[in-house]
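Asks: Let me see the structure of the following:
(chains A and B)
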Amino acid sequence: MEGDIHPILVRQLRKAGMSEADSIQHPALADLFSRVSRSYAETEQDRYLFERSEEIASAEMRALNTALRLSEARLGSLLSLSSDWVWEQDEHGVFTFLSDELTERTGLSRSLFLDQTCTVDGPLRMTEVDLDHLRTYVELRSSFRNVLFDLHSPEGEVNHLKISGEPLMIGDRFVGYRGVGTDVTVALKAERRIKELGQLDGLTGLVNRNKFMEELDQAIELAAGTGQELAVFFIDLDRFKVVNDTMGHAAGDALLQTIAERLRPILRQDDLLARLGGDEFVVLTSRQSSNANDLANIASRLNSAAAKPMILDGQTVQVSASIGIARYPIDSTDGTDLLKSADFAMYQAKAAGKNAFAFFARELAERSDSHLALEQSLRRAVNGGQFVLHYQPIVDAHTKKLMGLEALVRWLHPEFGLLAPAVFIDLAESTGLIVPLGQWVMKQACSQLAAWRKLGFDPPRCSINVSRRQLLTDALVHDVREALATNSLRPEMLEIEVTESLLMEDTGRSLAVLEQLASLGVRLAVDDFGTGYSSLAFLKRFPLHTLKLDRSFVNGLPEDRDDLAITRAVVSLGHNLGLQVVAEGVETVEQQSSLRELGCDLLQGYLFGKPLDQNATALLLDPIYVTVT
Amino acid sequence: MHLAQMIHHQVAGWSEPLPTSLDSATTLVLAFGPSDQTEIATALKELNAAFPNSVLMGCSSAGEISGVSVQDNTLSVSIARFDKTWLRGSSTILTDLSDSYDAGQRLAAQLPSTDLRAVFVLSCGLAINGTALVQGLEAGLPRDTIITGGLAGDGSSFVRTWVLSNGEPQAHAITAVGLYGGSLEISHGCDGGWKDFGPVRTVTRSVGSELFELDGQPALALYKTYLGDLASQLPGSALLIPLSVTAPNPDARAVVRTILAINEDEQSMTFAGDIPQGSTARLMRTNVDRLVISAEEAAEFAKQKLTPAAQNNPLLALSVSCIGRRIVMGERTEEEVEAVADHLPLGSVHSGFYSYGEIAPLNDGKHTELHNQTMTVTLFAEA
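Replies: Below is the predicted model of the structure:
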């Protein structure tokens, strides 16, 4: 550029009557000409660059604008397909904009939102916790997803809304949030209903186990802070299974519903009653301080409510409840453990005779921890011949002549000595060891009878108890037949005892087995009679020979009028069916004479002899009289 | 304060005799000249001889500022003998680009901190990280020290620069003078005058100060499109369109970056400072009028910071402006120099140069920064 004279200057020089060549006349003129020329050129360049950049920048902006419109249209069409609407809030969380879709999609008016912000008690309502979360998001200027709030309309209607938002910045200045919202009222209601259903017991409408455990854990967390005391009542119905089995599931269900209805009114509003399943109910109470008396009072009222008779299918039915109580924080500070403790205590109540309650006692629980060790040693005992049989006399009510023996098993434990069945029968039953044990008893009793005979004694018939599991084993009939044959015993020497409740549980199957036993010629007795609800028609179906009156009725004799009446009825029922009636647990002379007057045929109890070992028993036996003709 | 100013022209010699009587330990002699040392060798020798006791500083430039004029290929000399202010010179040699921060610290270490008020620094203009140099200096100096100065220039060639060290031009030297004492008044001002235009872009590929792509497109191609016919004059013509860059962190401020070089093979451009990937960037433009107004504002700002007494007494004004501004202004460059000179008290000396990087705090900032495309004005007065 330097040295070139700009065309404008050339023209100007010409008009002034000068030319480029005139610069020769003055040395500074050349420099002047070139400076003036440069100024012109620079100005032109300036304008060129300005216009060019203007043009290109505006083309770029136009292209961006077109792209933006396209993207906007794309978003718009996506939005129109979704169930969402768009909102904007200012930096204080106040709604400043809501798109038309709000009204189109939800029917809600913009005015419900505009100039409003979410609060814990305003028309746009949020929980304190959610509001705290939202505040944190806003402080961090971070985006948030699926935040729920409720819109309370002036008409009192509530819509559940869900919003997601991103911070809105102008440059680096935070000016609010923008996002999308959805009405989730229908979905949320459905979800809540589903959740409720998942937490409720369909039969009774009480909360279920899951919900109860959830509530228990929460209550414990709360109590840890407030110092409140909690109590869990574990309620198990006694003899529910009998009702369910004999009267059908519908009756059983009705019974559970009735029990639920009865238990509820005993409790305070904020106590929690739940059904864990089956015939198990559970109660959670929370008190500032609860002494054992208060809890016992509640338990005994629960007991009474459960034990009231009810009418099912036109029949009067009575059940009872065994209740275990465990306390927080005394017994445990863990929910699952607390429930387990209450469950354990419930078993104590059952063991103590049912229709009762018991507090959790740690020593007992610790003892029960040795169950596993016990099971192992029981298994060894069954295999290793650690059992013996003792025999209790059964005598004629009038003559007191020995008419029978009941074989009772004892465990000759290498460490603990002689153990009664109460210690191990439940365990043997639950582990299945009862089957080999029962087989052993059968064999042993029969071979003992044979042994006595060989020794010249004439033993009376022997009663042997058979458990549920044995009765349901096909091997029982076979075992009995073999034991009789091996020992050359007449079948009537053997009487098989089954409990009344066992008979009622599975009538079809037990009937079949009992009929087979009866066809062998073996006698059959119903043990613990009077505790179940068997009717005359029911008893008639079984090939029975003997009714054994439960010891609980004998206890009250001769004073208790109810016991007297029941005993009289049982004797009369038995005799009408052609059965012998045996009374168990006879301990006093008064009981003996009362039973004799009531017509009982045979008596059994300490009054006539405790269970004795084989040698002591032999002393009671008559020698065999050889009849010489 | 005694002031003097003269120009040495290769043909015409000194515009007036060197005032040797001003030579003293409290005299600052500043000399700015062309990158070609042969043109000024004699003049420099004479200057060294005339001021053996003074602090002599100087560097090559892209235009020497002297009063209201901007010259090329001259040695522009300004002399200030302070009455109540004392001086201390300091210098170091830059070993390589990565030595920039340490070099700043070395310079600072040579300056006693007691009573230190201001530091004026002149640095080689190529292969230096001006930002690191400033940070190194700042780290080594007392907190309230005002640091101003600039990077040496080489016209619009970007080939070689020099800085006077012990009276000799050195390619890799950095020098500084510390000004001491309570009687000294210092003020400064700076202003750019550039405006963003066009779309906001994103730096999608960059390494250090080398920019490859904006919005996924080659940056060099974009510049060529905007420059049109002027693309043939790259990289010089790219100075007409600097880049406003905002780093991708929340408290980053937009900085102006000028182009130093281009690489046709890589389709990349090298800037006078980092261009972090992910930054937002926008092209900038200006015109002569805006640049002149910005220079005026820089001068006005500096002047307002002086006490009323200092505003009316002769002072030493040092203007460091950017080569990029000079390219835009061309024949009208002196208009911005005049705008500064017009704001100075009668009898003041206005000196300075067109540089490859201006050093001064922002008007409202506490920290010293390296600027591009900016006019910086520092005023030294004695109460």
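
Asks: So which bits of stretch A:146-166 are buried?
Replies: A:147, A:149-152, A:159-163, A:165 (16 or more other C-beta atoms under 10 Å in any protein chain shown). For every residue, glycine as well, the C-beta is placed using N, CA and C.

Asks: which two from those residues end up farthest apart in space?
Replies: Spanning the widest gap among the buried residues of stretch A:146-166 are A:152 and A:165, at 20.9 Å by C-beta to C-beta.

Asks: ok so, going back, please dump the buried residues of stretch A:146-166 into JSON lines; it should also carry secondary structure for every row.
Replies: Formatted as JSON lines, these follow (DSSP: H, G, I helix; E, B strand; the rest coil):
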{"residue": "A:147", "secondary structure": "strand"}
{"residue": "A:149", "secondary structure": "strand"}
{"residue": "A:150", "secondary structure": "strand"}
{"residue": "A:151", "secondary structure": "strand"}
{"residue": "A:152", "secondary structure": "strand"}
{"residue": "A:159", "secondary structure": "strand"}
{"residue": "A:160", "secondary structure": "strand"}
{"residue": "A:161", "secondary structure": "strand"}
{"residue": "A:162", "secondary structure": "strand"}
{"residue": "A:163", "secondary structure": "strand"}
{"residue": "A:165", "secondary structure": "strand"}
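
Asks: which ones are touching the residue of the stretch 101-250 of chain A at minimum distance from chain B?
Replies: In the stretch 101-250 of chain A, the residue that lies nearest chain B is residue A:172 (6.4 Å; C-beta to the nearest C-beta). Shown in contact with residue A:172 (C-beta atoms under 8 Å, 6 or more residues apart in numbering or on different chains): B:250-251.

Asks: What values do phi and psi take at it?
Replies: Torsion angles at residue A:172 (phi, psi; degrees, to the nearest 10) stand at phi -110, psi 20.

Asks: residue closest to the middle of the chain?
Replies: Unless you meant another one, I'm taking chain A. Central residue of chain A (C-alpha atoms, centre = their mean): residue A:209, 3.0 Å from the mean position.

Asks: Switch to chain B, please.
Replies: For chain B, residue B:150 is the residue whose C-alpha lies nearest the centre (C-alpha atoms, centre = their mean; 2.9 Å).

Asks: Tell me the helix or strand right after the helix or strand harbouring it.
Replies: Here residue B:150, judged by DSSP states H and E, is contained in strand B:146-151. On the C-terminal side of strand B:146-151, the closest following helix or strand by DSSP H and E is strand B:163-165.

Asks: Could you check that following strand and say which residues are buried?
Replies: Neighbour-count burial for strand B:163-165, with 16+ other C-beta under 10 Å as criterion, is recorded at B:163-165.

Asks: which other helices and strands contact that strand?
Replies: The contact analysis (3 or more C-beta pairs under 8 Å, 6 or more residues apart in numbering or on different chains; DSSP states H and E) places strand B:163-165 against strand B:55-60, strand B:116-123, strand B:168-170, strand B:173-180.

Asks: who in the stretch 51-200 of chain B is up against chain A?
Replies: By C-beta under 8 Å from any C-beta of the partner chain, the residues of the stretch 51-200 of chain B that approach chain A are B:197-199.

Asks: Show me which of those are buried.
Replies: The buried subset of these - by 16+ other C-beta under 10 Å - is B:197-198.

Asks: Got the confidence number for the closest residue in space to residue B:248 that isn't next to it in sequence?
Replies: In this structure, residue B:248 finds its nearest non-sequential neighbour in residue B:278, 3.8 Å apart by C-beta to C-beta, 6 or more residues apart in numbering or on different chains. Model confidence at residue B:278, given as pLDDT, is 93.

Asks: what's the answer for residue A:370, then?
Replies: For residue A:370, the pLDDT comes out at 57.

Asks: Check which residues of the longest strand belonging to chain B are buried.
Replies: Ranked by number of residues, the top strand in chain B under DSSP state E is strand B:195-207. By 16+ other C-beta under 10 Å, the buried positions in strand B:195-207 come out as B:197-198, B:201, B:203-206.

Asks: next one: stretch A:472-482
Replies: Those would be A:473, A:476-477, A:479-480, for stretch A:472-482 by 16+ other C-beta under 10 Å.

Asks: now those residues in TSV, with pLDDT, secondary structure and distance to chain B?
Replies: Formatted as TSV, these follow (pLDDT from 0 to 100; DSSP: H, G, I helix; E, B strand; the rest coil; distance: C-beta to the nearest C-beta, whole Å):
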residue	pLDDT	secondary structure	distance to chain B
A:473	74	coil	80
A:476	88	helix	86
A:477	90	helix	89
A:479	90	helix	88
A:480	92	helix	92
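
Asks: ok, residue 188 - contacts?
Replies: You didn't say which chain, so I picked chain A. For residue A:188, the contact set (C-beta under 8 Å, 6+ apart) comprises A:148, A:160.

Asks: look at chain B instead
Replies: Taking C-beta under 8 Å, 6+ apart as the test, what residue B:188 contacts is B:146, B:148, B:302, B:305, B:360-361, B:376-379.

Asks: May I see the residues you listed arranged in a markdown table, with pLDDT, neighbour count and secondary structure as well?
Replies: Shown next, in a markdown table, are the contacts of residue B:188 (pLDDT from 0 to 100; neighbours: other C-beta atoms under 10 Å in any protein chain shown; DSSP: H, G, I helix; E, B strand; the rest coil):
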| residue | pLDDT | neighbour count | secondary structure |
| --- | --- | --- | --- |
| B:146 | 96 | 19 | strand |
| B:148 | 97 | 23 | strand |
| B:302 | 96 | 25 | helix |
| B:305 | 94 | 16 | coil |
| B:360 | 95 | 27 | strand |
| B:361 | 93 | 20 | strand |
| B:376 | 97 | 27 | strand |
| B:377 | 97 | 30 | strand |
| B:378 | 97 | 25 | strand |
| B:379 | 97 | 27 | strand |
